[in-house]
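In: one predicted model, sequence on top.
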Amino acid sequence: MRVSELTLRQFRNYTQESLHFNPNLNILVGDNAQGKTNVIEALYFLALGRSHRTHLDAELIQWEKDWASLVASLSSDLGKAELKARLQVGKRKRFQISGNELKSLSQLYGHLTVVLFSPDDLQLVKGSPSLRRQFLDVLLAQVSAVYRRYLVDYSRVLQQRNSTLKLISEKKSGLEMLEVFDPQLVELGSRIIQERFGAVRSLSERATEIHRQMTGDAEVLAMAYVPFFVNRDETQLWEYSDEPPPFERITEMFEAALQRKRRDEQRRGVTLVGPQRDDISFAINDVDARTYGSQGQQRTVVLSCKLAEAEFIRTQTGEYPVLLLDDVMSELDAGRRRFFVEAIKKKIQIVLTTTGLHSFTEPMLRDASVSLVKSGVIEPFDYRSQGRAVP
C-alpha cells in the first residue's frame, strides 16, 4: 500500500496544497503549529473516516469556510485508485473511490490502511484501558468487515440496554425489556471478545519477537487479552492456553457475569459487563509493565506493538499499511530509532513529522523525501545545501 499524492483544499490550515510522496520515507519538517500533523490527520481521515484528534468534523474545515476536500492517489497490489473525501458544514461527509461514491462509512475501510504512532500512543501501556481497546478496534476494523459489523450492532444494543436500565433505576420500566437485549448483548459481545482474543494472540507473537531483538534478548514481552470477566491476576491461564477459549465458554462466563451484576446495573442504570470494559496487559520478564516498567521499557513495548500492528495488517491483507509517525522519533533514543528504521526500511511507506533533522542519520536522510512545512505551505527542503536546521 502506497500513497503517491495528497491534495488538500480548505482542510485545517491548508487553503490548497499538494504533496507528492516517495514510496519509502517521507519527512515533514517544521516548527510546531505549522501544519505537519494536519497532513498525518488527513491521511488518517481518508483511511478511517474520522480524525484521531477531534470528534467534530467541522473542526477539520478551514476557519470561516464551509467545505473541505481531501484527495489521495493510491497504489497497491490491486492497482491504482483515487480516494476522495468531502466535508461540508451541515451535511454528512462523503467519500469516493475511483469516482464511485461509497454508500456507508464501512465501505471506506481497507482502501487505505494505516498505522498511526503519535505521542499519545506512548500512553498505550500506562494509560487508561479505553486506549488499549481503541487500539484493538482500529486495528481489527481496518481488516475485518465482520468485526466492524459486530461493533456497530453491539454499540446499538448497548445503547438501548443502557436506556432501559436508566428507566428501571428511575422506576419507570420493568425488567421484561432486559430479556430482549441480554441475549443480543451476550452474543455480539462474545463475538467481539473472541475476535480480540485472536488478534492479541497474533500481535503478542510478533511483538514478543520484536521486543526480544530490540533489547538484545534481555527482556521477554508478554501480552494478554483481559476480558471483563477475568481477574488480571489470572490472565496467565488465558494467555498460555494453547488456543483462545471457545465461543461457548466465553458466552458462559459473559452470562454468569451478567447475573452477578444484575442488581448493581438496575441500581446504577448502566451496563457494567461487556467488551467495553476489557483490557490488555503487558508484562516484561513476568513483571507488570504498566506498574513497574520504566519509561524506556514502556516506550519499547509501544514500539514493538506498532511494528507488530503493521505486520498483523500485512498478514490479513497481503500488504503493509502506510505508517504515520507524528513527532515520535524525538521521543526515542538513538538505539530505538535505528532499530525502528531498520525494521521497516523499504518495506513500509512512512510519513513522518519532526521539528528538526538532527536525530536522523545521513543514510536515513539520503533515502528520504524531505519537505518543509511553514504556515500551511509545503515545499521541498534540500537539507544538504541549507543545513539540518529548520529555517
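Out: Alright, I've got the coordinates. Quick caveat, the model's predicted, so the values are computed rather than measured. Residues are numbered from 1 along each chain as shown.
In: quick check: buried residues in stretch 123-137?
Out: Residues 124-126, 131-133, 135-137 are the ones in stretch 123-137 that count as buried (16 or more other Cβ atoms under 10 Å). Using the backbone N, CA and C atoms, a C-beta is placed for each residue, glycine as well.
In: part of a strand, is Ser130?
Out: No: secondary structure of Ser130, determined by DSSP: H, G, I helix; E, B strand; the rest coil: helix, with no strand assignment.
In: ok now stretch 120-128, how far from the chain's centre?
Out: The chain centre lies 12 Å from the centre of stretch 120-128; the measure is Cα atoms, centre = their mean, to the nearest Å.
In: can you get me the start-to-end distance on it?
Out: 11 Å (Cα to Cα, to the nearest Å).
In: what's next to that stretch, contact-wise?
Out: Contacts of stretch 120-128 with the rest of the structure, by Cβ atoms under 8 Å, 6 or more residues apart in numbering, involve 131-132, 135, 282, 289-290, 293, 298-299, 301-302, 305-306, 328, 331.
In: and the strands in the stretch 51-200 of the chain?
Out: Assigned by DSSP state E, counting those that start in this stretch, the stretch 51-200 of the chain shows strands spanning 67-76, 79-88, 94-97, 100-101, 114-117.
In: can you tell me the closest non-neighbouring residue to Asp182?
Out: The spatial neighbour of Asp182 that comes closest, neighbours along the chain excluded (Cβ to Cβ, 6 or more residues apart in numbering), is Leu258 at 6.4 Å.
In: dump the residue contacts of that neighbour.
Out: Contacts of Leu258 by Cβ under 8 Å, 6+ apart are 182, 185-186, 273.
In: related to what we said a few turns ago, just checking, which of the contacts of stretch 120-128 belong to helices?
Out: 131-132, 135, 289-290, 298-299, 301-302, 305-306 (DSSP state H).
In: tell me the most packed of those residues, by neighbour count.
Out: Going through the ones in helices among the contacts of stretch 120-128 with other Cβ atoms under 10 Å as the criterion, the one with the most neighbours is Cys305, at 29 neighbours.
In: isn't that residue up against Ala207?
Out: Yes: in this structure, Cys305 sits in contact with Ala207. The criterion is Cβ atoms under 8 Å, and the distance is 5.3 Å.
In: between those two, which contacts overlap?
Out: Residues touching both Cys305 and Ala207 comprise Met223, with contact defined as Cβ under 8 Å, 6+ apart.
In: and Arg267, what is it in contact with?
Out: Neighbouring residues of Arg267 by Cβ under 8 Å, 6+ apart: Ser169.
In: one more: Asp333?
Out: Residues in contact with Asp333 (Cβ under 8 Å, 6+ apart) are Gly296.
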